[in-house]
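1. Have a look at this prediction, sequence included:
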Number of protein chains: 2
Amino acid sequence: MSHGGDIYSNKVNIDFSVSLNPFVREAFDGSFDDALKETAKRAFKRAGTYPDLKLVSLRESIAKAEGVSAEMIVPGNGASEVLMSAIRSTDPKNVLLPVPCFTGYEHILKGIKDCKVGRYFINEPFDTGEDLADFISGSEEKIDLLILTDPGNPIGKNIDENVLIKLLKEAAKRNIKVILDESFYYLSEKGFSDKAGRVRELTDEYENLIIIRSYTKLFALPGIRMGCSISGKVLADKINDNLPEWNISVINEEIMSSLCVWADDDFIKSSIELIRGERNRLFEELKKRCEKVYPSDSVYITLKGKTDLYDKMLDKGILIRDLGDVPGLEKGYYRVAVKKREENETLLKAMDEVM
Amino acid sequence: MSHGGDIYSNKVNIDFSVSLNPFVREAFDGSFDDALKETAKRAFKRAGTYPDLKLVSLRESIAKAEGVSAEMIVPGNGASEVLMSAIRSTDPKNVLLPVPCFTGYEHILKGIKDCKVGRYFINEPFDTGEDLADFISGSEEKIDLLILTDPGNPIGKNIDENVLIKLLKEAAKRNIKVILDESFYYLSEKGFSDKAGRVRELTDEYENLIIIRSYTKLFALPGIRMGCSISGKVLADKINDNLPEWNISVINEEIMSSLCVWADDDFIKSSIELIRGERNRLFEELKKRCEKVYPSDSVYITLKGKTDLYDKMLDKGILIRDLGDVPGLEKGYYRVAVKKREENETLLKAMDEVM
């Protein structure tokens, strides 16, 4: 799949290939840009000193916001850095990858020697469901790592919570480590659930579990790389062993410290409500225009259309995500971001013109 | 060795454990802080877009400054990130580590499975010299990775260039990959040499060579993590495979792009000349006070003194680097930064009081 932000090699007016919170400013109480500017100013004042090697203060801030203890938090330069370290820290030999999924996992896994990747093809409508749990419990092959994504990506469905628990139980029984990539969690319908309680319950109950979170998507700041992992201390220590020393700059430290406070329940709920309204509207409009459109709980929608849609939209200056090379999908699948009304209208209008 | 910047768990007035260019503002033509502020402002304007996945523009800027081609450059969040990826990319089974050296290598190597670390103990005065080349050529064991540091760290001597070439030739003959950590190169006497020419010649001649550079030390901006590797394309591609996607934030991208232009020959030479004056002075003064002081070509000096010097200096609010747990050294070895006159005087005065 063409990676997010591929605006550098294309002439792009609107980038629908990247999915971020379009309503940061509407959902934020007070002035987001001023608050961010103040934080950045404070950060640059510290540019002449090394970051804290142990990131004590940052880990405490994130831990407080996520409702867990600081020793369970490992901050990373975006979810992608902490994902790579988390996957490597499990020293996987046999990975089970339910597909279609984020192609970034494959980038990481191909760099690990002697690691076999087994792909489990989820059936349409691509819900990660009970059949996967059945497959795992029935599998005779040794699996040591399972990578789940909630909400799914590119298909934006949340995993049913009962099914997730069933998957985690099954994995624990078979000694399978689980990486649960929740990069878009706070931009999905599940983000409404009690923020602090759920992650603590999950990580308390399942020592084999690593949860990945991202702040860049929630605050639409992908240029600044910010994410973290949440897991038991044993796994957190191993993730740290797989990270470079002083990986987080003081800039990222300061900004992440602010963001995890700003990401309170009100902000998350407002964001999700605003997104839901536009998503439902866009979904209905896309259904009128596309061969297939897949229900989503998040901030992007996957659809099936003509195989030349990507190029034709790019001619109009609109970049959408081509999912043609995602395992489990094929040419003709695309992902579009849910943006603000006016931009979504531009997308739909362009579609009308090229179809 | 207590890691750099351990000011977060101690009450520290002056940090002599961290070595940076103390003369950035004196050596810089015009106003450094204003230029940096402008760059930071430009960077933050891009916070809402993803960094370029391939970092085309940044790699071109660094390549131009270093006199090599863009495909040879891999930018990292500080030398530490690119060091980890470079070491991992060689998939080492038997590493030869001349010690004493930077303990960060051991942090990286302990995270690599089935990797044996052989330590070669350099004799006092700890110059990396001909005896190491002889050892390698006489060794019957298979070595696949050699890590060299120029200038040495914690001992700040440059490797004699003829000896370096001999080491590189020997390594090439025996199919040993070499990581040459030049993090402090531009803050050492060797930094006077023709900037563009040398690194191209070395990397053209030796396909087994990866050079590591740092910008954070030269510009005294360790809070912003900035470094890169320079190598042939084959190795560069492997290093990239071992890095997370979008590892460099737009903040780092913009600032690094500026710094590699600002790091011209004049700036480097002025910096080194100013450092040399203070280093020579500090060296002579330390000789009067310490059991042993080791000659340095860089921006820090290693010395031997009483075993309680670290604690006694810390009582005075001065943090020095304790080298007691560095392989090849022992309790009583310390490293101090070369700073500006006034701060160096404070160091010497405190020493007088505690000794």
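-> Everything's here; your move.
2. domain parsing for chain A?
-> Following automatic domain parsing, chain A resolves into domains at A:14-29+A:265-354, A:32-262.
3. Tabulate those in TSV, adding columns for distance to chain B, mean neighbour count and mean pLDDT.
-> Where C-beta positions appear, they are placed from N, C-alpha and C, glycine not excepted. Shown next, in TSV, are these (distance: least, Cβ to the nearest Cβ, whole Å; neighbours: other Cβ atoms under 10 Å in any protein chain shown; pLDDT from 0 to 100):
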stretch	distance to chain B	mean neighbour count	mean pLDDT
domain A:14-29+A:265-354	6	19	96
domain A:32-262	2	20	94
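4. looking at the ones you listed, which is closest to B:Asp91?
-> domain A:32-262 (6.6 Å; Cβ to Cβ).
5. Distance from that closest one to the middle of the chain?
-> How far domain A:32-262 lies from its chain's middle: 8 Å, per Cα atoms, centre = their mean, to the nearest Å.
6. all strands for chain A, in order.
-> Counting by DSSP state E, chain A has strands at residues A:14-15, A:73-76, A:94-99, A:116-121, A:145-149, A:177-181, A:209-214, A:227-231, A:292-293, A:300-304, A:318-319, A:321-322, A:333-337.
7. which residues are in contact with the fourth one?
-> If you take Cβ atoms under 8 Å, 6 or more residues apart in numbering or on different chains as the criterion, strand A:116-121 is touched by A:93-99, A:106, A:109, A:132, A:135, A:141, A:143, A:327-328.
8. quick check: angle from that strand to strand A:145-149?
-> 40 degrees (axes from the mean of the first three to the mean of the last three Cα atoms, to 10 degrees).
9. how big is the angle separating strand A:116-121 from strand A:94-99?
-> 30 degrees.
10. who does strand A:116-121 pair up with?
-> strand A:94-99 (parallel) (DSSP bridges).
11. rewinding a little: go through the contacts of strand A:116-121 and say which is closest to A:Ile210.
-> Nearest to A:Ile210 among the contacts of strand A:116-121 is A:Val95, at 13.4 Å by Cβ to Cβ.
12. what's the distance between the closest one and A:Ser31?
-> Separation of A:Val95 from A:Ser31 (Cβ to Cβ, to the nearest Å) stands at 45 Å.
13. Nearest to B:Glu124, out of the domains of chain A?
-> Closest of these to B:Glu124 is domain A:32-262, at 28.1 Å (criterion: Cβ to Cβ).
14. quick one: furthest residue from the center of chain A?
-> Computed with Cα atoms, centre = their mean, the residue of chain A farthest from its C-alpha average is A:Gly48, at 32.5 Å.
15. didn't that one look like it was pressed against B:Leu221?
-> Yes. The pair A:Gly48 and B:Leu221 passes the contact test of Cβ atoms under 8 Å, sitting 6.5 Å apart.
16. tell me the contacts of the nearest residue to A:Ile210 once chain neighbours are set aside?
-> Among residues not flanking A:Ile210 along the chain, A:Ser231 sits closest, at 4.2 Å (Cβ to Cβ, 6 or more residues apart in numbering or on different chains). Contacts for A:Ser231 were tallied using Cβ under 8 Å, 6+ apart; they are A:72, A:74, A:86, A:203, A:209-211, A:239.
17. Swap in 10 Å and give it another go.
-> A:68, A:71-74, A:86, A:89, A:177-180, A:202-203, A:206-212, A:237-239 (Cβ atoms under 10 Å, 6 or more residues apart in numbering or on different chains).
18. swap in A:Ile14?
-> So A:Ile14 contacts A:7, A:313, A:316-320, A:337, A:339, A:343-344, A:346-347, A:350 (Cβ under 10 Å, 6+ apart).
19. cutoff 7 Å now
-> Counting by Cβ atoms under 7 Å, 6 or more residues apart in numbering or on different chains, A:Ile14 makes contact with A:317-318, A:343, A:346.
20. where's it relative to A:Asp311, distance?
-> The gap separating A:Ile14 from A:Asp311 is 16 Å, by Cβ to Cβ.
21. My guess is the residue farthest from the centre of chain A contacts B:Lys217. True?
-> No. A:Gly48 lies out of contact with B:Lys217 (Cβ atoms under 7 Å); the separation is 11.6 Å.
22. Next, work out how far apart the most centrally placed residue in chain A and A:Asn153 are.
-> The centroid of chain A falls nearest to A:Ser183 when counting by Cα atoms, centre = their mean (2.5 Å). From A:Ser183 over to A:Asn153 the distance is 7 Å, taken as Cβ to Cβ.
23. Also A:Ala70?
-> Relative to A:Asn153, and taking Cβ to Cβ, A:Ala70 is found at 28 Å.
24. Grab the nearest non-local neighbour of the residue farthest from the centre of chain A.
-> B:Ala220 (5.8 Å).
25. Any chance of the backbone angles for the one you found?
-> phi 50, psi 50 (degrees, to the nearest 10).
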